[in-house]
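sequence? don't have it. structure:
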């Protein structure tokens, strides 16, 4: 057994531990609790079983993207190309170029597309060492630009039925998209918690120079994280496309920023943290619930933006104050 | 920056512009049923009655008269929905019909007002003879329009609430559009019940006018508005709102929409919730017709002709030829009903086709074949 | 106004400064006369540089006071000190790489003409000052394009241009060659002859005797003595500096096994660096001793692939005598796979994952050579065992490493490499920031590791540590090995002599 | 003007702190040559050159602000929202005597918040300015849900139109350019910006009030964005809550094309000008060549990737 730390008085130590533990809980946990209580008081209808489940369903695309984004953010990187990936995948699914193909093949092509973009991002970020913020953002612009100029001639149509069903259907009384969300979350959580890769991600995020000095293949880790992020984000995009059901060249652009907000609220900052995979998931639900809650009061886009901005700033501030205390 | 998070903003703008632009002159062809001969009269800027003069004001004869051949430009606000795509296509096809137009350029501002100003400047540089302009905002191009006016270059605007020094405006009656839906609901519900209203983007002039038309229709009836939401003319947002309304069990006897995408979203929600469809208002779009037919719902379609730019092309030529043209050309069509819509439904075409079109059938099939 | 001796340019009275529990400077008083050169010397860690920082305005004292020309002074920053007439030439230069020489010289006190920056005057003034310090570069040249000695001269020129009355030099010759040291000497003489007070911080005896009138010796943050240089000889001074019996911190040495574990030949740590060769034996703890900045760091880091060496020819042999070639240019991953672990001097920024638990920090060592997507083995029992064996003091292995004391953090560093099963450890400053009790434990652990057949190469600037811990010591100076001795035979005086004297001598060993 | 630029650029080339290179000057130069050859009648016409200036002004003013922040190793994504909010404020019913100072006060406040968050609390510049950007976007929608309103005529006159044949936009561009150039090269503050960007700790040791300087850079950047907002409002004769959206990234692209290093300490007003010019030429030229606006934005994205990839750095990630 490990010898007890003798130099510090026990009481002070345990108080510090409690405080530290409290500080380490992701803000999303408190936030969700507060919101649910507020909803129970002011808008109990939001908690009715049908509506509640619908909100969970609405959270699925954001939740999936938040898991994706958390992978790169754990490695102190970021992926803002998600907006472009969404539009690109949506275009593939709805443009009709693959109308004759079975739906699963179309989904496969979309995933390959996500994989390709993720690989380009990864190359630019790890080998060229370009700033992830700028190149992924630029990637998004390029993708949307291409899709919009192409789709001007080939107009977007409907999402294949299978995908629509995945995005908005129910199975065993549970939204299918939520099942997909879980199907993404569980293996991701497992990989992060139990595999060598997961341990390396934690190490690279916690201290990149230490990771490099101690022989961890950190470039490869960041590379894989970027590819996986783009791939999982594509799944999130397909869920959204399935929910919306129609092609759009502006699909889910707000998810880019919301995913970052969800990751931070989920207790993960650039370079790891305490949220695990559950943190971003709860945060994605919290944000979706918050937007529904605001909507139910007739507060529209302005409040949504202001909340979003405020929430990110406060979460970032709390994190940096916490770091300063520690 | 098209894609960063404010893409959401772009999206809003897109939706807003979709309707703002598209509203420019809804007119029902139900009673127009344009005869081929009328369509073939290439100088008929009313497109066989789709458009009609509003007020008595006319342009002065020979105010913009010029010797051909002509170079004209269509300065668009942006592309982003099938109505606009079709309307641009109609303009292009219309231009091709006129041999005295030798140059036709088309720009789009990606919904950025400042870029549109630049586009107008660039078009001015290229010495065009006339401009058809669909603005991003009702006022963003006013200074530029003034420059064109100073050079006696006619500017034909497609848009609601335009204030600048344009030559002719080609648009639709928004209040009428809203009233068509309101009248339908009053009739379908026999003057009493609870309806939901799905509005467009808060604060948009067009949105307010449509909504006012709807409220006008409800006057003196016992119909109450049980829920009023801004769906932003957007499918995804409306779907979420409608889902919340349905699942929260709010009573509803009918729903008024200020745009077809929102109707489709709600129909989908009702069907997924296995809830019987209530009377809902819609719009003259093939995708909506398809759902209308598939569900057999009780509905009405306000019509919004994508051929407006075609009319604008003819107006432009008339101006260049020195004709006197009505200053305001509006389109206030009656609705398509349960009985009449099937004449316009084209099962052989996809959802992106809008009526009434001035396109030849060969073009329509090429563009919209399933 | 406080009273002070006539002609005293700067005076420190009872200065104290602590960092956490350690007293870096305790109750130090010192006065420097105008027109004199006053040396401050002592071993590494004696408090020289902290004292210098207090005088220069980088740090503020916890207590005590500072007087400049008899007036009490408190500096917000070095610029503030400069304005009060105290100029400092830092060992790690503070020149801004993207500013020109002239801009660097006048940063914070730029000449203005009618409110605007007077670039012309700045350049002209800079030219004059550069000429005075004998630096022939254009004032418009960017600082990043200067050589290290040139940068140092610019730092000196800063003080000259401010017409400072006190000049503080912090280890000024660390990066200079002999000719440049001569130039510096001439410059110091010039400053002294113009009535400036010079504080010369160095542990190079030769320079202290050559340049300085007075010498103050510090030890463990306290003042040992201040005496005129002329009253001392080199041996006296070394005795004053060391003056402490070596603690019984160290485990008994073992006999060196004859087998070579790591054969390092023709290692060129970086461009323009001298080539070094040495052998590390199985079961041996090899010390690399020397003053700071003599190339120990580069040798260790290039050996382990942390920095890419220019060239090398390294052979690693395992317990059975099987040899494998190691090319450190392939990076740390290759070195780790070959069984070589590196413990950096700066544990917190380069070594540990402070936000991760002890378990994670140690268990990472078990992952080397595993495929990226294989299961990470659960090794809690193993980590508990290794932590217990290392007497790691923590509540549990779930505790974050950031909350541990320095000594326990260092144990975690070592535990990771023990867990990884490396047989060669390269360690920089193994007990920096570690309290005495933990020191002994760490030494014991390293010895245990060696006794089990591992090899350790230690770079340390603590001579007592090198002497007490190592089986064999290589003394490095200017990037070359200048002496080799058995640990049992080494003395601080002997090591210092080699480390210092080598300045003037031809390298004895390569 | 040309002579001054040439002189400045010669001086700049000799000094690597500016980041000016053959590429930064070569891109706009070759674009000009290509466009002059491809569309001889249009591109070089006085009309088009005037247009070019008009089209550049807003971005130039924002890019000059972004430059100040980039020099201290920062990044400000919130400039776009500041522009939008500004147009919304000045298009409201408030009198210009009230609305214009209000816009500037808000801009300065936003800069302070950004600066304190980043410098004072150590929040990453991207996260900090992303959150203010989002918040301000909401504020813009709150003030004005849809584009419209009226702009005080005084602004319209000042921004558009010409005096003695000189377009006012050119005057404003020149004022902004020379003001920032003077700030950078003729004041102690300018030198301190570079010092802080070069190595904040060394600058602090050298007596530069590093925190204050960095925070001031953010404040100036936001204030310049307010200026740009006034110009946009006047140019489009309306307030629009989304008008600024593209400027955040465009301004970063412009300065990156102009040789500024996002890691700090390197950049120049001339670079901001050439970068902005490059973007304007791409847009103007593609319009003259009738290329789709969406391909234009894609091309801008590619340009940005290339410009960023050309900057060597050691850090991986953000």
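Everything's here; your move. Owing to the predicted nature of the structure, the values given are computational and were not obtained by experimental measurement.

Around residue D:166, how many other residues sit close by?
Neighbour count for residue D:166, taken as other CB atoms under 10 Å in any protein chain shown: 12. Heads up, the C-betas are built off the backbone N, CA and C, glycines and all.

The residue of the stretch 151-300 of chain A found nearest chain B and residue A:237, how far apart?
At 3.0 Å from chain B, residue A:253 is the closest residue in the stretch 151-300 of chain A, using CB to the nearest CB. According to CB to CB, to the nearest Å, residue A:253 and residue A:237 sit 11 Å apart.

Overlap of the contact sets of those two?
Counting by CB atoms under 8 Å, 6 or more residues apart in numbering or on different chains, the contacts common to residue A:253 and residue A:237 are residue A:86.

part of a helix, is residue D:169?
Yes. Residue D:169: assigned to a helix according to DSSP: H, G, I helix; E, B strand; the rest coil.

I figured it was touching residue D:53, is that so?
Yes. The pair residue D:169 / residue D:53 is scored as a contact, 5.2 Å apart, by CB atoms under 8 Å.

neighbours around residue 159, how many?
Since you didn't name a chain, this refers to chain A. 26.

ah, no, chain B please
25.

Ok, the one 3 residues further on next?
Summarising burial for residue B:162: neighbours were counted as other CB under 10 Å, giving 21.

same question, residue B:257
29.

Does it touch residue B:196 like I think?
No. Using CB under 8 Å, residue B:257 is not in contact with residue B:196; the gap is 9.1 Å.

what packs against the strand or helix carrying residue B:84?
According to DSSP states H and E, residue B:84 maps onto helix B:82-97. If contacts are counted by 3 or more CB pairs under 8 Å, 6 or more residues apart in numbering or on different chains; DSSP states H and E, helix B:82-97 sits against helix B:7-22, strand B:70-76, strand B:101-108, helix B:308-320, helix B:361-368.

Any residues of the stretch 201-326 of chain A in contact with chain C? List them.
Within the stretch 201-326 of chain A, the positions adjacent to chain C are A:202-203, A:206-207, A:209-217, A:220-221, A:224, A:271-273, A:326 by CB under 8 Å from any CB of the partner chain.

tally of neighbours for residue C:497?
Residue C:497, neighbours per other CB under 10 Å, totals 17.

average pLDDT for stretch A:275-292?
Mean pLDDT, stretch A:275-292: 89.

Check stretch C:42-60 too.
Per-residue scores along stretch C:42-60 average to 83.

same thing with stretch D:295-313?
Per-region confidence: stretch D:295-313 scores 80 on mean pLDDT.

which other residues reach that stretch?
By CB under 8 Å, 6+ apart, stretch D:295-313 touches A:124, A:128-131, A:134-135, A:137-146, A:149, B:2, B:110, D:23, D:249-250, D:252-253, D:256-257, D:261-263, D:278-279, D:282-283, D:286-287.

Now, these that are in strands?
Judged by DSSP state E, strands contain none of those.

show me what contacts residue 227?
Since you didn't name a chain, this refers to chain A. A:115, A:118, A:119, A:121, A:122.

hmm, I had chain B in mind actually
Per CB under 8 Å, 6+ apart, neighbours of residue B:227: B:196, B:197, B:245, B:250, B:252.

which SSE is the fourth one in?
I take that to be residue B:250. Under the assignment here (DSSP H and E), residue B:250 is part of no helix and no strand.

hang on, the earlier thing: which PyMOL command selects the buried ones in the contacts of residue A:227?
Restricted to buried positions by 16 or more other CB atoms under 10 Å in any protein chain shown, the PyMOL selection for those reads:
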select buried, chain A and resi 118+121+122
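
Tell me the residue of the stretch 401-510 of chain C that sits nearest chain A?
Closest point on the stretch 401-510 of chain C to chain A, by CB to the nearest CB, is residue C:402, at 6.5 Å.

And for residue 112, the neighbour number?
Picking chain A for this. With other CB under 10 Å as criterion, residue A:112 counts 14.

um, chain B though
30.

And for residue C:72?
12.

helix/strand/coil for it?
strand.

was I right about it contacting residue C:65?
Yes. Using CB under 8 Å, residue C:72 is in contact with residue C:65, at 5.8 Å.

any residues touching stretch A:157-166, and which ones?
Counting by CB under 8 Å, 6+ apart, A:90, A:93-96, A:99, A:103-104, A:106-107, A:167, A:176-177, A:180, A:238-239, A:241-242, A:244-247, B:350-352 sit against stretch A:157-166.

out of the contacts of residue B:227, which are inside strands?
B:196, B:197.

What is the most widely separated pair among the contacts of residue B:227?
B:197 and B:250 (12.5 Å; CB to CB).

Looking at these two, which one has more neighbours?
Using other CB under 10 Å, the more surrounded residue of residue B:197 and residue B:250 is residue B:197, with 24 against 13.

quick one: that one from residue B:182, how far?
Residue B:197 is 10 Å from residue B:182, by CB to CB.

Quickly list what's touching both of the two.
Common neighbours of residue B:197 and residue B:182 (CB under 8 Å, 6+ apart) are B:214, B:256.

coming back round to it: residue D:169 and residue D:53: who's more crowded?
Set residue D:169 next to residue D:53 and count neighbours by other CB under 10 Å: residue D:169 wins out with 25 against 21.

which sections of the chain are below the confidence cut-off?
Answering for chain A, as no chain was given. By pLDDT under 70, the weakly predicted segments of chain A are A:1-24, A:152-156, A:272-274, A:298, A:300, A:322-326.

if you could check chain B rather than the one you did, that'd help
In chain B, residues with pLDDT under 70: B:1-40, B:80, B:260.

could you pull out the helices for it?
Secondary structure of chain B (DSSP state H): helices at B:7-22, B:36-40, B:82-97, B:113-125, B:142-150, B:174-188, B:205-218, B:235-247, B:260-272, B:286-295, B:308-320, B:361-368.

Redo these as JSON lines? Include mean neighbour count.
Shown next, in JSON lines, are the helices of chain B (neighbours: other CB atoms under 10 Å in any protein chain shown):
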{"stretch": "helix B:7-22", "mean neighbour count": "27"}
{"stretch": "helix B:36-40", "mean neighbour count": "11"}
{"stretch": "helix B:82-97", "mean neighbour count": "22"}
{"stretch": "helix B:113-125", "mean neighbour count": "25"}
{"stretch": "helix B:142-150", "mean neighbour count": "19"}
{"stretch": "helix B:174-188", "mean neighbour count": "24"}
{"stretch": "helix B:205-218", "mean neighbour count": "21"}
{"stretch": "helix B:235-247", "mean neighbour count": "24"}
{"stretch": "helix B:260-272", "mean neighbour count": "24"}
{"stretch": "helix B:286-295", "mean neighbour count": "19"}
{"stretch": "helix B:308-320", "mean neighbour count": "28"}
{"stretch": "helix B:361-368", "mean neighbour count": "14"}
